[in-house]
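>>> Below are the sequence and a predicted model; questions follow.
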Amino acid sequence: MKNLFLSIAVAFATILSSCSSDDEAPIAPKSPGEEIVLEETSNLAVAIASLGGTTPDALLTVDNFVIDEVSPIGKGIQQPGGIRRLYSQIGKTIISSSYGEGGTVIGYRMVNGKLTEIGEIAPESAYRFLGRADDTTLIAIEGSKQGLEERVFNVINTENMAITRKVSTRIEEISSENLISWPSGMIIRGDKLFLSYFLVTNDNFTTPKSNEARVAIYNYPELTLDKIIRDNRAADIGVYGNFNGLITTENEDMYTYSSSSYASGYSPAPILKSSILRIKNNETDFDADYYFDFEAISGGNKINFMHYAGNNKAIVRMVTDDSGLWATYAPTTDNPVCKIAVVDLIAKTVTEVTEIPLHGGQWATPAVNSEGKVYMNISDSLGAYIYEIDPVTATAVKSPRTISTQVRGLFNVN
């Protein structure tokens, strides 16, 4: 397999405690923002996050991540704080965002072959969602898990990491039932912003009213609410911790996925099946002629994650056992419940990728496309690996083990 000549950022969890005595010790932590010297030949970037958020993340460069072992030892820009961070990519900018209150949001770019910080934001409230408007514009959404506070769109220029506008919105809430909206996906098409979301209680994050698919449509760039579209054939869209409730194809058709999965955080689980809906190009309503019963076609599995691979194919993480609440958020569990499959959105087929074993799933799952392949983190009780998935043949190639328990982000920033 040839090396990838692109710049990639990957986030990892803490160094595995099960490493042998021959393994090198991890580097001593440095101050937030302090950079460890990188090799001049490095043209990929990786970031490493601790399991449980007690050890600061590191962002570093590597030569490849499918041939050689990926390790933070002796390399990296330490990220501030010991809490979880979200990672995203807007054009050529890597976004590293604190998930907790009081944290920072930092932008990085490759400058003269070196990973370089280009700016930092200290948001008023934690960003819970990161969405791409265009190659230089990030739309981050503030919002508390408690109370009935407004959601706030932050429009950010990623050339200099400056907030250019803030717009408050309610999306949808049912105050009499303490239900608030939690964004799960965003796509801008023409002068409309499509925002998928699910309803949760603001005190214990349960989902008592999830038997309906919902997408809020905003006028863009005004960010004023146009309408909310609903479909009672499918349940709430997306899952907690991922931003891919909406995906778009080359012809700008959009697809949504409804998990209906207890293991993916829906409690109680919706009675509707795990399924996929479509919003056709130039339309602002669900396509009444399209319904993909994923649960039936896959033999009883449910969708936990969906990533567009190109040519009407998507990579999905399937839930094979839905009996344990939040079971898909345990990367190194000894009781894994997840598998990977390739979905054909037009033919409505599901093909398991058998080279990838049962695994524990992940919060904020990373995946990136390159040269017709999809690269994705897979963690299990033995550690974290990056798999190269071929969506045409539904096969995969496994990388050497990463020196981590979890890869949190993969980015092509060339």
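All right, it came through fine.

>>> which residues touch the helix or strand hosting residue 138?
Using DSSP states H and E, residue 138 sits within strand 137-142. Contacts with strand 137-142, where a contact means C-beta atoms under 8 Å, 6 or more residues apart in numbering, come from 88, 90, 93, 95, 97, 105, 123-133, 151-158, 183, 186, 193. C-beta here means a position set from N, CA and C on the backbone, and glycine is covered the same way.

>>> all helices of the protein, in order?
For the chain, the helices defined by DSSP state H occupy 294-297.

>>> for it, what are the low-confidence residue spans?
Residue ranges of the chain with pLDDT under 70: 1-55, 62, 65, 72-74, 81-83.

>>> go with 50
1-42, 51-53 (pLDDT under 50).

>>> what's near enough to touch the residue lying closest to residue 232 once chain neighbours are set aside?
Distances taken as C-beta to C-beta, 6 or more residues apart in numbering put residue 212 closest to residue 232, at 5.4 Å, once the chain neighbours are dropped. Residues in contact with residue 212 (C-beta under 8 Å, 6+ apart) are 230, 231, 232, 234, 235, 236.

>>> between these, which is nearest residue 296?
For the contacts of residue 212, the minimum distance to residue 296 (C-beta to C-beta) is 13.0 Å, reached by residue 234.

>>> Pull the contacting residues for that closest one.
212, 213, 256, 258, 272, 273, 275, 276, 277, 291.

>>> Which one (most neighbours) among those residues?
Looking at the contacts of residue 234 with neighbours defined as other C-beta atoms under 10 Å, the largest count falls to residue 258 at 32 neighbours.

>>> Surely that residue touches residue 236?
Yes: with contacts counted by C-beta atoms under 8 Å, residue 258 reaches residue 236, the gap being 6.4 Å.

>>> Now for the two: what residues contact both?
Common neighbours of residue 258 and residue 236, counting by C-beta under 8 Å, 6+ apart, are 213, 270.

>>> if we can go back for a sec, pull out the buried residues from the contacts of strand 137-142.
Buried members of the contacts of strand 137-142, scored by 16 or more other C-beta atoms under 10 Å, are 88, 90, 93, 95, 97, 105, 123, 126-133, 151-158, 183, 186, 193.

>>> So which of those belong to strands?
Of the buried ones among the contacts of strand 137-142, the ones assigned to strands by DSSP state E are 88, 90, 93, 95, 97, 105, 127-133, 151-157, 183, 186, 193.

>>> Residue 312 is in contact with residue 278, correct?
No: the pair residue 278 and residue 312 fails to qualify as a contact (C-beta under 8 Å) at a distance of 11.0 Å.

>>> what's the overlap in contacts for those two?
In contact with both residue 278 and residue 312: residue 345, using C-beta under 8 Å, 6+ apart.

>>> Of these two, which one has the most company?
residue 278 (20 against 17).

>>> give the contact list for the more buried one.
253, 254, 255, 256, 286, 287, 290, 345.

>>> Let's see if you can find the most crowded of the residues you listed.
residue 256 (27 neighbours).

>>> hey, what's that one bridged with?
residue 246, residue 277 (DSSP bridges).

>>> Look up how far residue 198 lies from it.
Using C-beta to C-beta, to the nearest Å, residue 256 is found at 11 Å from residue 198.

>>> Between the two, which contacts overlap?
Counting by C-beta under 8 Å, 6+ apart, the residues touching both residue 256 and residue 198 are 237, 238.

>>> Among the contacts of residue 278, which ones are in strands?
254, 255, 256.

>>> In TSV: those, plus distance to residue 366.
Compiled in TSV, the ones in strands among the contacts of residue 278 are given as follows (distance: C-beta to C-beta, whole Å):
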residue	distance to residue 366
254	22
255	20
256	20
